[in-house]
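Trainee: sequence first, predicted coordinates after that:
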Amino acid sequence: MVSVLDTKDTSLWVFTLPAFLGSKNLLDGYVLFAFSMAFLSLALLTWAFAVGGIAWKNGRNQRGSVSIPGPRGLPIFGSLFTLSRGLAHRSLAAMAWSTRANIPLMAFSLGSTPVVVASHPSTAREILTSPHFADRPIKQSAKSLMFSRAIGFAPNGTYWRLLRRIASSHLFAPRRVVAHEPSRQLECTAMLRNIATEQQLNGTVSLRKHLQAASLNNIMGSVFGKRYDPAHDGKELDDLKEMVKEGFELLGAFNWSDYLPWLTYFYDPFRINERCSKLVPRVRKLVRGIIEEHRVGQSKNLSDNADFVDVLLSLEGEEKLQEDDMVAVLWEMIFRGTDTTALLTEWVMAELVLHPGAQEKLQREIDSVVGNRTLTDADVATLSYLQAVVKETLRVHPPGPLLSWARLSTSDVQLSNGMLIPANTTAMVNMWAITHDPHVWEDPLEFRPERFLETDVDVRGGDLRLAPFGAGRRVCPGKNLGLVTVTLWVAKLVHRFTWVEDAGHPVDLDEVLKLSCEMKHPLHGIAVQRNSSTGF
Ligand code: HEM
């Protein structure tokens, strides 16, 4: 009501002016001017009264008995400038903690998109486990890169359920994860050998490239049944690495057009559309080539260590996937499986270099169980301090601090605290804010694995105080595979070497947020060989 009156007030005098001046041309100009002013005042008024910003106009955030608070941001842009650069999880946490009563749910606008972010375990649980939040908003780059046909972005429905079922009964089934242990061991052996060589040559080791190479080869083995030898497959391996890197950049880039669609026509600083359309044919060619190789040598019986391409090719009837869908599903696995595993291992190793006491304790635990023989997955499962070290790293450095991919409400969702999230709202969970909240965790900034020996916490989605893999229907299906790989590799890295800080490259825990949150400055350390008989 107020805004309508105000619009009339501000514009009426403009209509009287041309008549007063007696000019027809001026009339057109003034009508245009009047409309612009009316539009602007309406926009300003709407913005001024919309808590949470322009996308929450008309009391969209006040439909429950308790309204959802939030920053107004700027007219038209909302909070885009706050979230498009820097460390969004930290900025959002600072906003949530800015009042005495921590805000469990906050509303804000990204351009015309209404968003809520949960910073408390109870609101996070209600969102992640609600069937009305089983969809995801899809980014333009994900659509262009065919990810809307893969598990992560497929809308909740028959096709997505089919993909999840296939993936969990084959690629991620416990017996398959066990069957792929030899390839995890093989990649780790190669990595340890390369680390020893680099240490000998340079007197220090830059760990990231070793972890990335091992991760890529490991997941290539489980998914494509193919591992690369840098000595022989240099060109193909370089191409693959380049494609994975380009895809990461495109998916991780903050694309303003996702929130202000009209920008697409004249502002694309990262050339996202152009780069996506160049990448897709290259990915198709590579993956189709591998599918073809499998078709030729395909056998009828699937063994437990069959790769995922074999599995997809063996599907019959309603389960059979179109070739382009297979390309999307396979490519997504390479994506999700490579970066998360490598960067989590790097964070764990960085903390162990900074905490020599914890590293020593871990070495003692491993030595007491395995002595000088080769460490296996079965050993790893019994090492409680090792599990605690990995959990503590997941708490301090969750690889997806905002859980990487948001959710979308498909209908109004009433929360138990009285707030109501309307349909078509993008929902994020700030896992970083939860794992750094002093009301949830004692001394949250301290790296202290012992806390998990005192009280065990399920990190696979059962306890929202620490849910780095998400929770509910869309929880990460690769969580067991990821955890088994990271724990085995960390154990073998500290069993074989003692890692000492390199004074020339001190450990720096600064973060950079892309698709995942990684160390801004790659970890360097001096790898001191421990016991030559603990072979590779
Ligand atoms: C340390 C390792 C990993 C972390 C921290 C991680 C984290 C996550 C998170 C936070 C989500 C979103 C969950 C949600 O919305 O509730 C997710 C989804 C997903 N992850 Fe992982 N992940 C890891 C490893 C892997 C691996 C190894 C794979 C596959 C090889 C994988 C495949 C996926 C897929 C396909 C989805 C989409 C699920 C869906 O939308 O239905 N992840 N992951």
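Mentor: Arrived safely.

Trainee: how about the nearest residue to R496, chain neighbours excluded?
Mentor: Once flanking residues are discounted, R496 sits nearest to L192: 5.3 Å by CB to CB, 6 or more residues apart in numbering. C-beta coordinates here come from the backbone N, C-alpha and C atoms, glycine included.

Trainee: number of residues surrounding that neighbour?
Mentor: Residues near L192, counting by other CB atoms under 10 Å, number 23.

Trainee: which element is it on?
Mentor: Using DSSP states H and E, the element containing L192 is helix 181-202.

Trainee: what's the spacing between that helix and its chain's center?
Mentor: Centroid displacement of helix 181-202 relative to its chain, using CA atoms, centre = their mean, to the nearest Å, is 27 Å.

Trainee: buried residues, that helix. List them.
Mentor: If you call a residue buried by 16 or more other CB atoms under 10 Å, then helix 181-202 has these buried ones: 181, 183-185, 187-192, 194-196, 198-199.

Trainee: just stretch 368-385 next, same as before
Mentor: 370, 375, 377, 379-380, 383, 385.

Trainee: which residues touch the residue minimising distance to the centre of the chain?
Mentor: Against the mean C-alpha coordinate of the chain, by CA atoms, centre = their mean, the closest residue is S404 at 2.5 Å. By CB atoms under 8 Å, 6 or more residues apart in numbering, the residues touching S404 are 515-516.

Trainee: helix, strand or coil for it?
Mentor: coil (DSSP: H, G, I helix; E, B strand; the rest coil).

Trainee: just to revisit the earlier point, is the residue nearest to R496 in contact with H495, as I believe?
Mentor: No. Checked against CB atoms under 8 Å, the pair L192 and H495 is beyond contact range at 9.4 Å.

Trainee: show me which helix or strand of the chain is least confident by mean pLDDT.
Mentor: Counting by mean pLDDT, DSSP states H and E, the chain has its least confident helix or strand at helix 2-21, which shows a mean of 37.

Trainee: which bits of the protein sit near the ligand?
Mentor: 128, 151-152, 164, 219, 332-333, 336-337, 340-341, 344, 399-400, 403-405, 468-471, 474-478, 481-482, 486 (CB under 6 Å from any ligand atom).

Trainee: next, the buried residues of stretch 353-372.
Mentor: Quick answer for stretch 353-372 (16+ other CB under 10 Å): 353, 355, 358-359, 361-363, 365-366, 370.

Trainee: between the longest helix along the chain and helix 181-202, how big is the angle?
Mentor: Across the chain, the helix with the greatest residue count (assigned by DSSP state H) is helix 323-354. Orientation of helix 323-354 against helix 181-202 (axes from the mean of the first three to the mean of the last three CA atoms, to 10 degrees) gives an angle of 50 degrees.

Trainee: now the next helix or strand after helix 323-354, how far from the centre of its chain.
Mentor: Note on helix 323-354: by DSSP H and E, the next helix or strand toward the C-terminus is helix 356-370. Relative to its chain's centre, helix 356-370 lies at 31 Å (CA atoms, centre = their mean).

Trainee: average pLDDT across helix 356-370?
Mentor: Helix 356-370 shows an average pLDDT of 96 in the prediction.

Trainee: do stretch 58-71 as well
Mentor: Per-residue scores along stretch 58-71 average to 91.

Trainee: buried residues in it, which are they?
Mentor: 60-62, 64, 67-71.

Trainee: gap between the two ends of it?
Mentor: Length of stretch 58-71, first residue to last, CA to CA, to the nearest Å: 16 Å.

Trainee: contacts for that stretch next, please.
Mentor: Under CB under 8 Å, 6+ apart, the answer for stretch 58-71 is 50-53, 56, 79, 82, 95, 103, 105-108, 114, 116, 412, 414-415, 417-422.

Trainee: T498 should be in a helix, yeah?
Mentor: No. Assessed with three-state DSSP, T498 is strand; it does not lie in a helix.

Trainee: bridged to it, which residues?
Mentor: Counting by DSSP bridges, T498 is bridged to V528.

Trainee: give me the number of residues near it?
Mentor: For T498, using other CB under 10 Å, the count is 17.
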